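[1] just need the structure, nothing else, for what follows:
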Amino acid sequence: MNSLTVRTARWSARHPWRAIVGWLAFVVLCLVAGGAVGPNSAKTADYRVGEAGRAEAMAAEGQLERRSTEQVLISARSGTLDERAAEAAARDLTARMTSLPEVAGVAAPLWSGDGRILMVEVALKGEERDAKDKVDALLAQTAAVQESHPWLLLEETGSPSISRGVDQQRGEDLALSEKITLPVTLVTLLVVFGSVVMALVPLLLALSSIAAAIGLSMVVSHVSPDAGVSTNVILMIGLAVGVDYTLFYLKREREERARGGGRLSTEALVELAAATSGRAVVVSGLAVVASTATLYLASDVIFSSLATGTIVVVLVAVASSLTALPALLAALGKRAERTARRRVERGRPARRSRSQGGGRIWTALLRPATRHPLGTLCVSVLALLALVLPLAGLNITEMSRDTHSRDIPAMRVYDRLNEAFPEQRVTHDVVVRADASRSQEVAGALRRLAQLTDRDPLFADGSPVRTSADHRISVLRLKVPHLGNSPQAYESLDHLRHDHLPATVGRLAGVEYGVSGDVARYADYPAHQNGKLPLVLAALLLVTFAMTVYAFRSVVLGLIGVVLNLLSAAAALGLLVLVFQGTWAEGLLDFHSTGSIGSRVPLFLFVILFGLSMDYQVFVVSRIREAALAGVPTRQAVLDGIRTSASVVTSAAVVMTTVFVSFVFLHIIEMKQIGFVLAAAVLLDAFVVRIMILPSALLLLGEATWWPSRPARRARAVPGPTAPATPVVDVR
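    Below is the predicted model:
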């Protein structure tokens, strides 16, 4: 009763308004600090992995890197296109674009094969990742030319305008997600607490934690660059764990109040909650942080950004539940005491708390595990294993630009561009680095490579060889008339890397070469992740085992935690494959199946789920161990612990599932998959693992559950918590 958790809660309860004001000041300070330094966005170089990344780095060294481009399509609004009018518009557009400081150059206008569209391609200066911030100036010039030539139709697309459209759509999606999540969360909390005030407490604390975390993440981004996903993950994880941690604490405080029967003061109740659920919150938070930190081992800027956002928001949520929450409970409790005294003075009876023990529903749900633990265990495990079976057909790919929603205007123009100019769909950049004295030799080998690809039906044509000013870097660009996510595009990359290059450039001794481009990126990124997956998964299993053993002093529980987390994660991933790799659920969930799962989804699922599952594991097993330490036989401790914690675990699962399900309504396919798989995993974990499998396993193991510790022996040496017996009444 004198741990740091309890001491912090004690101080907050005794000085509630200082703690509340201090918390609000902390939130404001984080936002101000974040706004002052601003976010540090990841640069193009931070995304480079595999052979494509090495080739891009070599090209950048010779200042021959691929520039971001925008394409403006000029066509007739109706009927046949007037060639003279189109060329006049193209000249006007070229002059306007060339005058912009953001523009590096404008290519000569290019007619489509059918003569119906004239294309003007504009190259932008600077970083590829920064191009979307410069595209407004280009769009303004396109709009000006459109106004001057109203009988023509001018449409603009390109990677920068598509990225800008995706960002706008993501912002709208997140706003929709909040509109869905917040009301459902509030209703769930109203059902749990039966009080508007107490329902608002978890929600407001979670939102304040999210605000503080967003500010802090901007500061931290100057150490670990932000890949543009921090805000997404902070909103997703922050609301889930923020409400969960507060819910655990509040439910325990209410239970202790009911058990105390009005004999304990508000400060004493807060201390009791801090000593039990407060400790569980700290352990859960540290488990999420430790498991999420394994994402840094993936050596990928996006996963590092996801890890940083998750770690920051979880630590802030833990801090709020240990400081601001006890203060709020104390303030509300004292207010209720004053109200109660006035009721007594007026001759009215004081209201008493209701017991928060397990009810008939949870007794019924636990009946299979109680009466037939072996049968329940076998059936439940077999059911989850059945969901794992679709994993045999798992197809992991990088979600390319072609998978974006067609609700984005630039994507619809992109489709028209691909249809009218098939030779512009995909390009491979062959980059070679050698001594300057060998530049002619390298150029000759690249020309021979171009001749080989001319005879390959998978390729269209090639551009002239470009050489850097110091003659060390040479680049050959080869065009492929297939979409970037098509099998033919990937086959062309295989032909290039494994057949054509070894037969030409590969025969030159002492040169370094590689292939870059969109398709090369799409191929190399999943390969990079697959190579890192064993390392991250091994570290994740070790961390989960170590945290469980540390929390409960039990090797058996550590092994059970690892196995159950693996089982629920694999089952959720199998369900994801079943839903998203097929087409049967497209109409139901509003998506277009790519026949694959995003390359980031499996690793993100395992890491986040392992961390979040510890919430339930720690809370449930803590109640069981607490009873065992009090001398209750293991069987009864298991049943009582799960029964008394079932409602809060279920409520937490509903809140968390609501948050994740809201991401299924997003347009971005990878975010849909992440939201779906996390929601499925949480439901499986809460209703199958914690209600069926865990109690069955613990009942079968009995005292062996705690090996090598012996709670029954320690029970006599562990005194029960004591507190001042000051009469109080219910704060609700």
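
[2] how far away is the closest residue to residue 691 other than its chain neighbours from residue 656?
    What sits nearest to residue 691 in space, not counting adjacent residues and going by CB to CB, 6 or more residues apart in numbering, is residue 365, at 5.5 Å. Heads up, the C-betas are built off the backbone N, CA and C, glycines and all. When distance is defined by CB to CB, to the nearest Å, residue 365 is 19 Å away from residue 656.

[3] when the two are compared, which one has more neighbours?
    residue 656 (28 against 19; other CB atoms under 10 Å).

[4] any idea how far the more buried one lies from residue 570?
    19 Å.

[5] and the one helix or strand residue 502 maps to, what does it pack against?
    Assessed by DSSP states H and E, residue 502 sits inside helix 501-503. Using 3 or more CB pairs under 8 Å, 6 or more residues apart in numbering; DSSP states H and E, no helix or strand is in contact with helix 501-503.

[6] buried sites along it?
    residue 501 (16 or more other CB atoms under 10 Å).

[7] tell me the mean pLDDT for it?
    Model confidence over helix 501-503, given as mean pLDDT, is 95.

[8] what is the rounded mean pLDDT of the helix or strand that that helix is followed by?
    As assigned by DSSP H and E, the chain's next helix or strand after helix 501-503 is strand 512-516. The average pLDDT within strand 512-516 is 96.

[9] so the helix or strand following strand 512-516 versus strand 512-516, what angle?
    Next in sequence after strand 512-516, counting helices and strands by DSSP H and E, comes helix 518-552. Counting by axes from the mean of the first three to the mean of the last three CA atoms, to 10 degrees, helix 518-552 points 90 degrees away from the direction of strand 512-516.

[10] compute the inter-axis angle for the helix or strand following helix 518-552 and helix 518-552.
    Per DSSP H and E, the first helix or strand lying C-terminal to helix 518-552 is helix 555-580. Counting by the same axes, to 10 degrees, helix 555-580 lies at 150 degrees to helix 518-552.

[11] name the residues of helix 555-580 that are buried.
    Here helix 555-580 shows 556-558, 560-562, 564-580 as buried, counting by 16+ other CB under 10 Å.

[12] can you list the neighbours in contact with the helix holding residue 502?
    430, 449, 452, 513, 515 (CB atoms under 8 Å, 6 or more residues apart in numbering).

[13] how does it look with 10 Å?
    430, 432, 445-446, 448-449, 452, 495, 507, 513-515 (CB atoms under 10 Å, 6 or more residues apart in numbering).

[14] so residue 288 touches residue 314, yeah?
    Yes. Taking contacts as CB atoms under 10 Å, residue 288 lies within contact range of residue 314: 4.8 Å.

[15] overlap in contacts, the two.
    237, 241, 611-612.

[16] and those, which is closest to residue 23?
    residue 241 (17.0 Å; CB to CB).

[17] residues in contact with the closest one?
    By CB under 10 Å, 6+ apart, the neighbours of residue 241 are 206, 209, 281, 284-285, 288, 310, 313-314, 316-318, 321, 611-612, 615, 652, 655-656, 659.

[18] confirm that it sits in a helix.
    Yes. According to DSSP: H, G, I helix; E, B strand; the rest coil, the state of residue 241 is that of a helix.

[19] distance of the nearest residue to residue 450 once chain neighbours are set aside from residue 588?
    If the residues on either side of it in the chain are set aside, residue 450 comes closest to residue 462, at 4.1 Å by CB to CB, 6+ apart. Look at residue 462 and residue 588: by CB to CB, they are 45 Å apart.

[20] those two: which is more packed in?
    Between residue 462 and residue 588, residue 462 has the larger neighbour count (other CB under 10 Å), namely 20 against 8.

[21] that one reaches residue 455, doesn't it?
    No. The criterion here is CB under 10 Å, and residue 462 misses it with residue 455 at 12.0 Å.

[22] could you pull out the residues contacting both of these two?
    With CB under 10 Å, 6+ apart, residue 462 and residue 455 have no common neighbours.

[23] distance from stretch 238-250 to the middle of the chain?
    How far stretch 238-250 lies from its chain's middle: 18 Å, per CA atoms, centre = their mean, to the nearest Å.

[24] revised request: answer the last question for stretch 269-283.
    The answer for stretch 269-283 is 28 Å, by CA atoms, centre = their mean.
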